[in-house]
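Asks: Make a model of this:
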Amino acid sequence: MATKTTRSAKAAEPVETVEPTVPEVAADPVTVVKLPDLLDRIVEQTGQKKGVVKPIVEALLTNIAENLKEGTDLALPPLGRLRVIKRKEEDGPLTLKLRFPNNAEKTSENTLAEDDE
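Replies: Purely as a prediction, here's the structure:
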């Protein structure tokens, strides 16, 4: 009499499911400095009155914005070199590239001439 061998089916083992972990990222890691805060910092650093500082800072920012809208590259030590790398429309958003100087410590010194120079 021939015996028939059958393979027994392995019992299904429960599979452990692991939820993927996603590192938590801050919603907005960028710090935004608004104009009034910037003015307060400059007033504190220079010792000048806010009424003197405000029109100068506003003129500087306006001039930078106008140059960028025209597509002009700006070299602004100690900030660095700022240039437009992409523009979608004439008055649309710009993509800028800022290259910090390699010698940031040297350029952090006062690079502008004094009134008597």
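Asks: what's the longest helix in this protein?
Replies: helix 50-69 (DSSP state H).
Asks: quick one: contacts of that one?
Replies: Applying C-beta atoms under 8 Å, 6 or more residues apart in numbering, the contact partners of helix 50-69 are 35, 38-40, 42-43, 46, 74, 76, 82, 84, 91, 94, 96. (Each C-beta comes from the backbone N, C-alpha and C, glycine too.)
Asks: These in helices, which ones?
Replies: 35, 38, 39, 40, 42, 43, 46.
Asks: What separation do you get for residue 50 and residue 43?
Replies: 5 Å (C-beta to C-beta, to the nearest Å).
Asks: and what of residue 56?
Replies: Distance, residue 56 to residue 43, using C-beta to C-beta: 11 Å.
Asks: Please identify which of these two sits among more neighbours.
Replies: The neighbour comparison of residue 56 against residue 43 (other C-beta atoms under 10 Å) goes to residue 43, with 17 against 13.
Asks: Go ahead and confirm the more buried one touches residue 49.
Replies: Yes: between residue 43 and residue 49 there is a contact under C-beta atoms under 8 Å: 7.2 Å.
Asks: And this structure, split by domain according to the record?
Replies: 32-70, 73-107 (automatic domain parsing).
Asks: Give me the mean pLDDT for the shortest one.
Replies: Spelled out, that is domain 73-107. Domain 73-107 shows a mean pLDDT of 80.
Asks: For that domain, which residues meet the burial criterion?
Replies: Residues of domain 73-107 classed as buried by neighbour count (16 or more other C-beta atoms under 10 Å): 74, 80, 82, 84, 94, 101, 107.
Asks: who's the fifth one bridged to?
Replies: Spelled out, that is residue 94. Counting by DSSP bridges, residue 94 is bridged to residue 87.
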